[in-house]
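**Student:** following is a predicted model, sequence given first.
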Amino acid sequence: MNDFDGGLDGHLAEGTHISGTLKFEGSVQIDGRFEGNVNSRGKLILGATAQVDAEIVVGELEIRGTFRGKAQVKERLMIRGGGSVEAKIVTGSLAIEPGATFRGNCEMPAQGTLGEGGKDVEIKPPPAKLVGASLDNDEPGPT
C-alpha cells in the first residue's frame, strides 16, 4: 500500500537504500530499505516492501513490512497482516493483525508513564489450528 498521495509528508520509495538518522514532522512512509535511527513525534509507516533495521522513537508506528531493532512508540503500534517484527518494543498500545509475526519483547507501561520502566512481557503466538476438508465425496449433492 502506498499512502503517499493520502497526506504523507515524506516517502522513501521501494528500491531506495538509506543509512543514517531520520528526523521528521508529520508522517513518513518507508517502502525501501533503511538502517539507522528514526526520531519523530509523528507517524512512521513501514510499507509492505520495507526492510528496516533501526532504533525508532515515534508517536505512532504502523508496520506492514519487515522491522528489526528497538522501538519506543508513545501512542500506538500496529503490526498489519504480513508484517514481520523482531524487536524490543515499548509502547502505549499494541495491535497485531492475523497474518503478522512478532518475535521479541513488548513493554506496555501504565498510561502516561511511557519509558519509566515496567515488566517485560513476552508475547507468544497461540497454537496453530489445522482445519481440513475433503472434496473426495462420491455422494451427489443437493439438487
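**Tutor:** Noted; the coordinates are in hand. Numbering: from 1, shown residues only.

**Student:** report the buried residues of the helix or strand hosting Leu61.
**Tutor:** According to DSSP states H and E, Leu61 maps onto strand 51-63. Across strand 51-63, burial judged by 16 or more other CB atoms under 10 Å covers 51-52, 54, 56-58, 60-63. Yep, even glycine has a C-beta here, placed from its N, CA and C like the rest.

**Student:** and those residues, which is closest to Ser93?
**Tutor:** Glu60 (9.4 Å; CB to CB).

**Student:** could you give the bridge partners of the residue nearest the centre of the chain?
**Tutor:** Geometric centre of the chain, nearest residue: Ile63, 2.6 Å, by CA atoms, centre = their mean. Beta-bridge partners for Ile63, by DSSP bridges, are Leu46, Ile79.

**Student:** how about it, what does it touch?
**Tutor:** Applying CB atoms under 8 Å, 6 or more residues apart in numbering to Ile63 gives the contacts 46, 50, 77-80, 83-85, 100.

**Student:** against Ala100, how distant is Phe67?
**Tutor:** Plainly put, Phe67 is 11 Å away from Ala100 if you go by CB to CB, to the nearest Å.

**Student:** er, Ala110 actually
**Tutor:** Taking CB to CB as the measure, Ala110 falls 25 Å from Ala100.

**Student:** so those two - more neighbours on which side?
**Tutor:** Ala100 (18 against 9; other CB atoms under 10 Å).

**Student:** ok, the more buried one touching Leu77?
**Tutor:** No. Ala100 is beyond contact range of Leu77, at 11.1 Å (criterion: CB atoms under 8 Å).

**Student:** any chance of the contacts of Ile63 in JSON lines, plus pLDDT?
**Tutor:** Formatted as JSON lines, those follow (pLDDT from 0 to 100):
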{"residue": "Leu46", "pLDDT": "98"}
{"residue": "Ala50", "pLDDT": "98"}
{"residue": "Leu77", "pLDDT": "97"}
{"residue": "Met78", "pLDDT": "98"}
{"residue": "Ile79", "pLDDT": "98"}
{"residue": "Arg80", "pLDDT": "98"}
{"residue": "Gly83", "pLDDT": "98"}
{"residue": "Ser84", "pLDDT": "98"}
{"residue": "Val85", "pLDDT": "98"}
{"residue": "Ala100", "pLDDT": "97"}
